[in-house]
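[1] how would this look folded up:
(chains A and B)
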Amino acid sequence: MSEIMQILISGIIQGVIYALIAYGYNLTFSTSKTINFSLGNVIMLGGVVGFSLYVDRATGQLLGYPYLFPIVGVLVTGVIAGWMVHRFAVAPALKMKSEYTWVLATLAMGIIFKNAVEQIWSTGDYRFPSPLGDDPIRILGAGVYPQEIMAVIVATVIVFSIELFRRKTIYGKAIQAVSEDKDTASLMGIPQEQVVKVSFMMSACIATIGGLMVAPWTFVSATMGSSLGTKAYVVAIIAGLESGFGLIWGGLILGISEFFTARYISSGYKELPGFIILILVILIKPSGLFGKKSIKKV
Amino acid sequence: MRFPKLALMILAVVLASCTKKSEDTIKVGVYGPFTGGSAPMGVSMRNGVQVAIDEINAAGGVLGKKISMVDRDDEAKNERGGQIMLELLDKEKVVAVLGPINTGVADASTQYANTKKVPLIINVSAGAKVNELFKANPENFVFRIAANDDIQSRVIVNEALKLGFKKPALLCDDTNYGQNGREKMEAVLKEKGVKPVYIGKFKIKDSDMSAQLQEARAAKADVLLVYGIGPELAAVSNSMARLGWKVDMIGSWTLSMSNYITNAGKNGNGTKMPQTFIEASAKSDKQKKFISDYNIKFKESPIASAVSAAQGYDSMYLLKLAIEQAQSLEGSKIRTALEDLAVPYEGITGSYTKPFSSTDHEAVKEANVMLGMVKDGIVVDSTTQKK
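    So this is what the prediction gives:
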């Protein structure tokens, strides 16, 4: 019993984190129809900046600042990173009217982020002590770290508030309008460039906060975000890039399936079900399990 | 035409300076992972070699020449290993090579030592093939000064059985290193008539091992035998704390890496591993001097991977003794000298009298290996300490 509980809890935590990052993909896709492939490395930026503002790298001891300090730090990092990705990778690519230049351009930004961190910071793995302590809590016999509970709460709050923002506020409706039809939105007086730029900043902030949340259990390193970024992308495709709340279900499907496979089939096949589901979804319902049907007229 | 003349002159000067440089120094190649999860081992090894080179140069060098190190970062990537070996041997024309660390890197690059007839002293990699190479190359240029996987797995299994455990679970990473170790541990267990109740694996960068550990616990394992490197082994210890499962953990020597000890924190206490050198229990004057020299030079205490540093230092001295005995920088002559070292060598990891022979290129034997234990952030000798 406690075993299934442990798998479920671990899977849910992992899944919600995937969903959070998948939201980052969703935000920029809905406004600009591009996917920010540097998001994995933006997650890493969050971890690294948060770590530098909170922990002394040489000794592993806390610097003594309140946890608010790294939170503000990673938000600023997110805004800057999102601006950079938009300004130097996506905007020029969109201007060129070339269909897929942004794929390479965003990938390149990610590599630049990673190499910069390796050069300036370090390539080692460091431990990020959780502000909530390192002792697991027992829930029905399953162990959970307080940090993981916090991560789930933070992720859920972010996802819900963005959905509310998109559905209820005038700015959210502007984003919605741009995602439906850019040119008409422009004609209606919505500054679509601005909307796209803000969506990149928001998406990068989500990723850096995600990085700060997962850092205590993934360790902080220049490569900490790559696997998370890929998995979140899988979630976005499974659930549908434009599916909103569906992304949470997608995250849970992937997270829980991973842990059940690792436990009952083989830890070597942990990643297999996610990718099998991915391929099945692409074959059967390309718009994603929870995505709306999109018709592209040519 | 002025330009070609100028270009020729520059070329001549460059060439002249090149040949001049290679004449008055002896180049020794060093490669290992200086970045990534294995970096504590690679950097400590390189620093250990540097301490030895500085000492040798201060004492007048070898054959009247100074030694210089040519170091390359293989990033723990198998394919980089081969490229670096070719570069060191063909372009840099090194006299001998020291390194590498990762088993996969070693397997992908050791062949060049034999094809180019330049000695390679493996100073950390436990899984690399050394004596096995004799079959294909009767003139084998690959030597090792590190406890190999055969010895390590024997020490690990013996300790587990000595403590009275009967149901071991094996948990190893899925690299060449981890899987080689798993194979060797299984073989030793089979020899002793013990069957592991669970065999699992994990990937580099995995951070939650609870699924594997749950399965091991469900199989009623009473001891966990692990093989991997620092960060992931720390994740194993942390996941054990998450499950609240308390069994002894014994594993590869890499449990002494700084990134295991700091990342596992208090969850790492009591973990045991084979070691050729334990910084905290250094006894001889030579060991104490090495530690203090290292600390002064690299401002690091404790050493991130003391075993790698010590083996790096010793490998450089064995090479120096061989070059002096051979009175030559020719690869074949150095190899012959290494196989028949006349002077005994008192090193950091032990004393060696004729460490190598023409049929055995493994310097470290089971008797050189101690059992270390993690205790409050450092590695201590487990025989003198209670858990």
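[2] what does chain B have sitting close to chain A?
    B:35-37, B:39-40, B:174, B:200-203, B:205, B:207-208, B:210-212, B:214-215, B:218, B:230-231, B:234, B:238, B:241-244, B:259, B:262-263, B:265-266 (C-beta under 8 Å from any C-beta of the partner chain). Glycine gets a C-beta too; all of them are placed from N, C-alpha and C.
[3] So the residue in the stretch 51-200 of chain B positioned nearest to chain A, which state does it fall into?
    Distance from chain A to each residue of the stretch 51-200 of chain B (C-beta to the nearest C-beta) is smallest for B:Gly200, at 5.2 Å. Taken by DSSP: H, G, I helix; E, B strand; the rest coil, the conformation at B:Gly200 corresponds to strand.
[4] which residue packs closest to it, ignoring adjacent ones?
    Nearest in space to B:Gly200, with sequence neighbours left out and distances taken as C-beta to C-beta, 6 or more residues apart in numbering or on different chains, is B:Gln212 at 4.0 Å.
[5] Confirm that the one you found sits in a helix.
    Yes: residue assignment for B:Gln212, taken from three-state DSSP, places it within a helix.
[6] Let me know the pLDDT of B:Phe202.
    Looking at B:Phe202, its pLDDT reads 92.
[7] any idea how far B:Ile229 is from it?
    Summarising the geometry, the distance separating B:Phe202 from B:Ile229, computed by C-beta to C-beta, to the nearest Å, is 11 Å.
[8] which residues do the two both contact?
    Taking C-beta atoms under 8 Å, 6 or more residues apart in numbering or on different chains as the criterion, B:Phe202 and B:Ile229 both touch B:Asp173.
[9] beta partners of the closest residue to B:Leu255 other than its chain neighbours?
    Among residues not flanking B:Leu255 along the chain, B:Met273 sits closest, at 3.9 Å (C-beta to C-beta, 6+ apart). Beta-bridge pairing of B:Met273 under DSSP bridges involves B:Gly372.
[10] measure B:Met273 to chain A for me?
    For B:Met273, the distance to chain A equals 19 Å [C-beta to the nearest C-beta, to the nearest Å].
[11] What is the neighbour count of that residue?
    Neighbours of B:Met273 under the rule other C-beta atoms under 10 Å in any protein chain shown: 28.
[12] just the one 5 residues further on next, same as before
    Each residue near B:Ile278 was counted by other C-beta under 10 Å, and the total is 23.
[13] Can you list the residue ranges for helices in the stretch 101-250 of chain B?
    In the stretch 101-250 of chain B, helices defined by DSSP state H, counting those that start in this stretch lie at B:103-109, B:111-116, B:149-162, B:176-191, B:210-218, B:230-243, listed in chain order.
[14] TSV for these, including mean pLDDT and mean neighbour count?
    Listed next are those as TSV, based on pLDDT from 0 to 100; neighbours: other C-beta atoms under 10 Å in any protein chain shown:
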stretch	mean pLDDT	mean neighbour count
helix B:103-109	94	25
helix B:111-116	95	18
helix B:149-162	96	21
helix B:176-191	95	20
helix B:210-218	91	23
helix B:230-243	93	25
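[15] In TSV, list those along with distance to A:Met188.
    Listed next are the helices of the stretch 101-250 of chain B as TSV, based on distance: least, C-beta to C-beta, whole Å:
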stretch	distance to A:Met188
helix B:103-109	59
helix B:111-116	67
helix B:149-162	69
helix B:176-191	59
helix B:210-218	52
helix B:230-243	52
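[16] quick one: which of those helices is nearest B:Ser281?
    Between B:Ser281 and the helices of the stretch 101-250 of chain B, the tightest spacing by C-beta to C-beta is seen for helix B:149-162, at 16.7 Å.
[17] Please work out which residues outside that closest one touch it.
    Helix B:149-162 is contacted from outside by B:126-127, B:147, B:168, B:180-181, B:184-185, B:187-189, B:192, B:194, B:223, B:225, B:248, B:250-253, B:272-274, B:364-366, B:369, B:371, using C-beta under 8 Å, 6+ apart.
[18] Make a ChimeraX selection of the buried ones in the residues you listed.
    Below is the selection syntax for ChimeraX that covers the buried ones among the contacts of helix B:149-162, with 16 or more other C-beta atoms under 10 Å in any protein chain shown defining burial:
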select /B:126,127,147,168,180,181,184,185,188,189,194,223,225,248,250,251,252,253,272,273,274,364,369,371
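[19] which residues touch the spatially closest residue to B:Gly244 that is not a sequence neighbour?
    Of all residues beyond its chain neighbours, the one nearest B:Gly244 is A:Gly143 (5.8 Å), with distances taken as C-beta to C-beta, 6+ apart. Each residue near A:Gly143 by C-beta under 8 Å, 6+ apart is listed here: A:Gln6, A:Pro136, A:Ile137, B:Ser210, B:Ala241, B:Arg242, B:Leu243, B:Gly244.
[20] between those, which is nearest B:Ile26?
    Minimum separation from B:Ile26 among these (C-beta to C-beta) is found for B:Ala241, which lies at 49.9 Å.
[21] What separation is there between that closest one and A:Tyr171?
    When C-beta to C-beta is the yardstick, B:Ala241 and A:Tyr171 sit 45 Å from each other.
[22] And for B:Gln50?
    To A:Tyr171, B:Gln50 is 59 Å away according to C-beta to C-beta.
[23] neighbour count winner among the two?
    For B:Gln50 against A:Tyr171, the residue with the higher neighbour count under other C-beta under 10 Å is B:Gln50, and the figures read 20 against 13.
[24] and the more buried one, helix, strand or coil?
    The three-state label given to B:Gln50 by three-state DSSP is helix.
[25] I'd say it and B:Lys297 touch.
    Yes: taking C-beta atoms under 8 Å as the contact criterion, B:Gln50 and B:Lys297 are neighbours in contact, 7.4 Å apart.
[26] Show me what from the stretch 151-298 of chain A comes close to chain B.
    Within reach of chain B by C-beta under 8 Å from any C-beta, the stretch 151-298 of chain A has these residues: A:217-219, A:221, A:223-224, A:227, A:259, A:262-263, A:267-268, A:270.
[27] Among these, name the buried ones.
    Applying 16+ other C-beta under 10 Å to these, the neighbour count classes A:Trp217, A:Thr218, A:Phe219, A:Ser221, A:Thr223, A:Met224, A:Ser227, A:Phe259, A:Ala262, A:Arg263, A:Ser267, A:Lys270 as buried.
[28] Quick check: chain neighbours aside, which residue is closest to the third one?
    Spelled out, that is A:Phe219. Ranked by C-beta to C-beta, 6+ apart and with sequence neighbours excluded, the top spatial neighbour of A:Phe219 is A:Asp125, at 4.4 Å.
[29] and what of the first one?
    Once its chain neighbours are removed from consideration, A:Trp217 has its nearest residue in B:Ser207; the separation is 5.2 Å (C-beta to C-beta, 6+ apart).
[30] what's around that neighbour, how many residues?
    As a burial measure, the neighbour count of B:Ser207 was computed by other C-beta under 10 Å and equals 20.
[31] Let's verify the residue of the stretch 1-150 of chain B found nearest chain A: helix, strand, or coil?
    As assessed by C-beta to the nearest C-beta, chain A sits closest to B:Thr35 within the stretch 1-150 of chain B, at 3.6 Å. Under three-state DSSP, the three-state class of B:Thr35 is coil.
[32] list the contacts for it?
    So B:Thr35 contacts A:Glu118, A:Thr123, B:Asp73, B:Glu75 (C-beta under 8 Å, 6+ apart).
[33] Just the pLDDT at the nearest residue to it once chain neighbours are set aside, thanks.
    Distances taken as C-beta to C-beta, 6+ apart put A:Thr123 closest to B:Thr35, at 3.6 Å, once the chain neighbours are dropped. According to the per-residue confidence, A:Thr123 scores 80 in pLDDT.
[34] State whether A:Thr123 and B:Ser38 are indeed in contact, as I suppose.
    No: between A:Thr123 and B:Ser38 there is no contact, the gap being 10.2 Å when judged by C-beta under 8 Å.
[35] The two: which is more packed in?
    Neighbours per residue (other C-beta under 10 Å) separate A:Thr123 from B:Ser38, with B:Ser38 holding more: 30 against 19.
[36] right, and that one touches B:Asp74 too?
    No: counting by C-beta under 8 Å, B:Ser38 stays clear of B:Asp74, with 9.3 Å between them.
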